[in-house]
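**Student:** fold the following and give me the result.
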Amino acid sequence: MKIKLNKKSINRARERIMSCKGILRIGLLVLLLSLTQALVQMPEVAASPAPTASIKEWSLPTSDGRPYYISVYNSMIWFTEVYKNKIGQLNPNTNTFKEWLIPTASSYPHGIVVSGSVVWFAEYTGNKIGRLDPTSNVFKEWLTYPSTNPIGIAVYSGMVWFTGASKNVICRLNPSSNTITQWTIPTLGSYPSHIAVSAGTIWFTEFMGNKIGRLQPSTNTFTEWALPNVGSSPVYLTIAADGKIWFTEASGERIGRLDPSTSLLTEWSVPGASYPYGICEDAMGNLFFAEYYGNQIGKLKPVGGTSKTAVKSTKVVTPGSYSSYPSSYVRYPSVKTVSPSSSSVSPTVSGSITEWNVPTYNSRAATIFTEDGTTFYFTEQIGNKIAQFRPGYTMKEWKIPIWKPQTSKGAAVSGIGVYGGKIWFAEPGDLEIGRLDPAANTFTEWKVPAPIGWPEHLCVYQGKVWFTERNGQQIKCLDPSTNTFKEWTRPSGDSLYFSMGITVDSGKVWFTEQKTNVIGYLDPSTNTFKEWVVPTPGSGVCEMAAYNGIAYFVEWSGDKVGRLNPSTNTFTEWKIPGYGIPGGAGIIVSGGIIWFTTDKLCSLNPQTNLFTPWTVPTPGFQPSAYGGKIWFTETMGNKIAKLYPTGGSSTYITPQTNVRSPKVTVKTPTSKIAYPSTTYVAPTVKDVPTYTTGNLAEWPIGPSGLGATSDPLDVSSPGGGEVWFNEDWGVKIGMLG
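**Tutor:** Here you go, the predicted model:
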């Protein structure tokens, strides 16, 4: 099928390009012709259905702000406003915009990057590199050579790198010495656009040169890879975690990947008149890109594609340097609050919960944990496996080397913690503590010496593994660096403690004792135990969490959620209305909010005493939180699920407060050595998307085609699962999640 363009469409394209004078000052006619040719020759490609997702949008305070490039740093969204000549910041937690007017008039800001506490940006028509310190509201600007027209910008090791589009140079600003060094690109008129830096190597796109370029500044060596299709117009690139270079071909309507070690180039066609522009890789290895004319956010799963070896050329050049002393200005920002709009994107999310099936049938997914918010690990109680889940990507499962079925001592595998990329877990059936190294596919297991009960709950703190023994009387710690177990005998009660929860906060090891109705902590630096009796008799205190020195716990029999402030010995308890708390109920604290499970997934705000439940499609179990979303397992349903905590119906709960004095005891620990065994186990890998398997997914923002009104231009991902984008003509900041 061929796409036909009428005169009106072509004129509209010409108007769009002319109005976006920052895209090109040279070669506008060449760009228009190459774009038109690509649109006419583009074959129609069928796309897979889009995953369930939602889009939030924040309209800029000024109607013609035109956000151009975007950068996400420390939960703040930074962007340039080309027509209003401003640097903008969105705080999505407070829905607040801040805007700073750039000192140089009509500077037409393009690329933006945040480094530490300052914001760097390129001033295309201002021919300057700018820096904003938002804490002091001070701008500094360094003047470049006339007609340099900087577009892309990156910061590495204190140096600021940028592309000089019209002068055909790669430049480096040393802000300490106020020196700018520039290297002339071998290909004449290549019009370098975007730039990225990795380990001191500079990567850039050559928009008019139709190449991907690399500069090794230590040797002054340029290497260029020519794209196979004329007029592809590479515009934006990103360096993947594996060192490969991903880029967009705006006029060629393709996504490309270059392996610099082999010069292998792989390309994927993007359907329709999309004009792909910005591209980023999230921490899970997904590739997201903005479709400027297609009015969509796309995600590419890197399978298939067309590959060939790219022609590579190398040349050494001599750089030139000059001094550029900055001028300083103070500009106070304007602050405005803008509430976001939220819309579901087809197919719509079922409520606010998304679910993924675990590949192993009836494996009983139980405890879940994440270290970075991008990769989740959970135990499969009956399946005898450790599983890794990367949302929207793949699920891996490692079978524990020796089959240990569920016994009278409970599940085959229980409890989980992640530290330094390694996964720790308890093996109640075999009285062991296990560790999985997912990079090496190796299991290491330590036999617990002289156990009284069996290990079931654990946590990892500063590389050491703390755990309790169910029906045991000890707090134990494994130091894997020395293979040493330390054991502290708890002071209260008999050996049948039914100890349920354990966590470490600020060096203190908190635990619960279900049978004796006690919550306490061990301070290993002084070998001191403190234990408090829970005010509700027979509360069935079980799982617990600690946050900023405060302990939180669930009361299985009491149907309550509790909090203990050890500095005042004060208990606060909330009776959950109409919701019995089942055994094994999980609890976490995220941002001061208590999350726990009943027959629903629930939150309690201890500041406002507001309780909010969410109905879970399948029976749930243990929650984990990251990036504003709550992740949890559905044990009986054999699923992994995610809740976006929006909506819900809240109820006020009157808290009950009591003061209980603790019992203080000093116990000297004993130490024992136990050497581990290590086994190699290859994982099984399965694709578990929430949508029909395919290599391309697209989320529409609004009308598509050359007359679209949003025109997303750039994308950025902070790593927590969201993708942020700007809408150039829509004058909005959007979030896909």
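**Student:** what's the domain layout of this protein?
**Tutor:** Domain ranges of the chain: 7-342+692-736, 353-684, per automatic domain parsing.
**Student:** OK, contacts around Thr608?
**Tutor:** Residues near Thr608 by Cβ atoms under 8 Å, 6 or more residues apart in numbering: Tyr652. C-beta here means a position set from N, CA and C on the backbone, and glycine is covered the same way.
**Student:** SS state for it?
**Tutor:** coil (DSSP: H, G, I helix; E, B strand; the rest coil).
**Student:** could the domains of the chain go into JSON lines alongside mean pLDDT?
**Tutor:** JSON lines is the format used below for these (pLDDT from 0 to 100):
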{"stretch": "domain 7-342+692-736", "mean pLDDT": "80"}
{"stretch": "domain 353-684", "mean pLDDT": "81"}
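**Student:** and the gap between Gly158 and Phe369?
**Tutor:** Remark: distance between Gly158 and Phe369 (Cβ to Cβ, to the nearest Å) = 36 Å.
**Student:** the two: which has the busier surroundings?
**Tutor:** Per other Cβ atoms under 10 Å, whichever of Gly158 and Phe369 has more neighbours is Phe369, with 23 against 10.
**Student:** isn't that one right up against Phe376?
**Tutor:** Yes - under the criterion of Cβ atoms under 8 Å, Phe369 makes contact with Phe376 at 7.2 Å.
**Student:** overlap of the contact sets of those two?
**Tutor:** Counting by Cβ under 8 Å, 6+ apart, the residues touching both Phe369 and Phe376 are Ser624.
**Student:** ok, Gln514 touching Gly558?
**Tutor:** No - assessed by Cβ under 8 Å, Gln514 is found out of contact with Gly558, at 11.4 Å.
**Student:** so what's in contact with the two at the same time?
**Tutor:** Joint contacts of Gln514 and Gly558 (Cβ under 8 Å, 6+ apart) are Gly540.
**Student:** the nearest residue to Asp133 once chain neighbours are set aside and Pro103, how far apart?
**Tutor:** Among residues not flanking Asp133 along the chain, Val118 sits closest, at 5.1 Å (Cβ to Cβ, 6 or more residues apart in numbering). Separation of Val118 from Pro103 (Cβ to Cβ): 15 Å.
**Student:** equivalent analysis for Asp372, please.
**Tutor:** To Pro103, Asp372 is 39 Å away according to Cβ to Cβ.
**Student:** who has more neighbours, those two?
**Tutor:** Shown here are Asp372 and Pro103; by other Cβ under 10 Å, Pro103 has more neighbours (19 against 14).
**Student:** and the helices in this protein?
**Tutor:** Listed in chain order, the helices found in the chain under DSSP state H are 7-19, 28-41.
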